[in-house]
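Peer 1: how would this look folded up:
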Amino acid sequence: MASQRSQPEVNTPQSSRFTDRIKRSLSSILTKFHAGYFRISLSLGGQALLWKTLIGPTHDKSTLRHLVHKFHPTAFLVLWSFALFILILLSLLYILRCLFYFKMVKAEFLHHVGVNYLFAPWISWLLLLQSAPFATPKTTSYYVLWWFFAVPVVALDVKIYGQWFTKGKKFLSTVANPTSQISVIGNLVGALAAASMGWKESAVCLFSLGMVHYLVLLVTLYQRFSGSDRIPAMLRPVFFLFFAAPSVASLAWESITGAFDIASKMLFFLSLFLFISLVMYINRKILHIKILSCSNELVSIVDLS
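Peer 2: Prediction:
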């Protein structure tokens, strides 16, 4: 009897320590988590949409498309399911962050880089909606989900684009950075989804809104105004958004017009040019680093001799 009475007294501190440990680990995860992690779901959603396009029905009889069609549809289903799981997990974590650390979310909303990543969750959901193996356009569920994911994109557009025009400290010339192109991609992905449903006017509206601001943003980033390069070193890969925006615009315009016309080709070649420019810039940087390291080694050898 005595041993049975003492057992709960021993287990209670252990269970409380285990609970405290879980709370501390969860708190640590939520404090370090931010909207930038939705880059993972963004890339997975893009891959899922790409694979659905490649394995879909087509009149193209090229060798590449014929080879891709040999892949079993199960591979695409696994990729889409994995992307959905990651996006749900990230969304749940961010909802918990909003509930328990709202001040951090507010600070992220007011940051010139962090606010752009708030588009990423909605873009990811739109990409997964378009690549869903079971959902087809022109259905009620598709319409409802499109509205649910597209309205936050437009609301964030009003917030960001409005402050570019009105707030002195938030002028585009002072806050522009490569992540600002995520807002443009959000409009273009929304236009792509709207065009697939047959909503031409909504697609043209979102497309024109995104492209006008993309042109202004591209000129601003090219001129390198003060603040245009204020971006953390860990986020340098976002420079590849330079060719992501025109490539998505090419797909969106093709969906709107129903043909890969001159405008779509112009946007495609623009994205190809920007991609080559970035690759050449990276190779030049790597070559410069190698030359510096070799010269330092030669200097050290000369000093030793």
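Peer 1: what about residue 142, how many neighbours?
Peer 2: Residues lying near residue 142 (other Cβ atoms under 10 Å) number 18. Glycine gets a C-beta too; all of them are placed from N, C-alpha and C.
Peer 1: so where does the nearest residue to residue 141 once chain neighbours are set aside fall, helix or strand?
Peer 2: Nearest in space to residue 141, with sequence neighbours left out and distances taken as Cβ to Cβ, 6 or more residues apart in numbering, is residue 135 at 6.7 Å. If you go by DSSP states H and E, residue 135 is not part of any helix or strand.
Peer 1: could you shift the numbering so residue one becomes 23, and keep it that way?
Peer 2: Right, with 23 as the first residue, what we last looked at is residue 157.
Peer 1: ok, now which ones touch residue 157?
Peer 2: By Cβ atoms under 8 Å, 6 or more residues apart in numbering, residue 157 lies in contact with 151, 163-164, 167.
Peer 1: got CSV for the residues you listed, with secondary structure and pLDDT too?
Peer 2: Output for these, formatted as CSV (DSSP: H, G, I helix; E, B strand; the rest coil; pLDDT from 0 to 100):
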residue, secondary structure, pLDDT
151, helix, 93
163, helix, 88
164, helix, 89
167, helix, 92
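Peer 1: out of the residues you listed, which are buried?
Peer 2: By neighbour count, with 16 or more other Cβ atoms under 10 Å, the contacts of residue 157 hold 151, 164, 167 as buried.
Peer 1: show me which of these is closest to residue 236.
Peer 2: residue 151 (22.6 Å; Cβ to Cβ).
Peer 1: hmm, that closest one is touching residue 165, no?
Peer 2: No: using Cβ atoms under 8 Å, residue 151 is not in contact with residue 165, being 10.7 Å away.
Peer 1: residue 113 reaches residue 143, doesn't it?
Peer 2: Yes: applying Cβ under 8 Å, one finds residue 113 in contact with residue 143, separated by 6.2 Å.
Peer 1: between the two, which has more neighbouring residues?
Peer 2: residue 143 (20 against 15).
Peer 1: show me the contacts for that one.
Peer 2: 57, 60, 63, 109, 112-113, 116 are the contacts of residue 143 under Cβ under 8 Å, 6+ apart.
Peer 1: export whichever strand or helix holds it to PDB, keeping only CA atoms.
Peer 2: Take DSSP H and E as the rule and residue 143 turns out to sit in helix 142-153. Taking C-alpha atoms only, helix 142-153 is exported to PDB below (Å, rounded to 0.1, in the frame of the first residue of the first chain):
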ATOM      1  CA  ALA A 142       3.600  32.700 -49.700                       C
ATOM      2  CA  PRO A 143       1.000  30.600 -47.900                       C
ATOM      3  CA  TRP A 144      -1.900  31.800 -50.100                       C
ATOM      4  CA  ILE A 145       0.200  31.300 -53.300                       C
ATOM      5  CA  SER A 146       1.100  27.800 -52.100                       C
ATOM      6  CA  TRP A 147      -2.600  26.900 -51.600                       C
ATOM      7  CA  LEU A 148      -3.500  28.300 -55.000                       C
ATOM      8  CA  LEU A 149      -0.700  26.200 -56.600                       C
ATOM      9  CA  LEU A 150      -1.900  23.000 -54.800                       C
ATOM     10  CA  LEU A 151      -5.500  23.800 -55.800                       C
ATOM     11  CA  GLN A 152      -4.600  24.000 -59.500                       C
ATOM     12  CA  SER A 153      -2.500  20.800 -59.300                       C
END
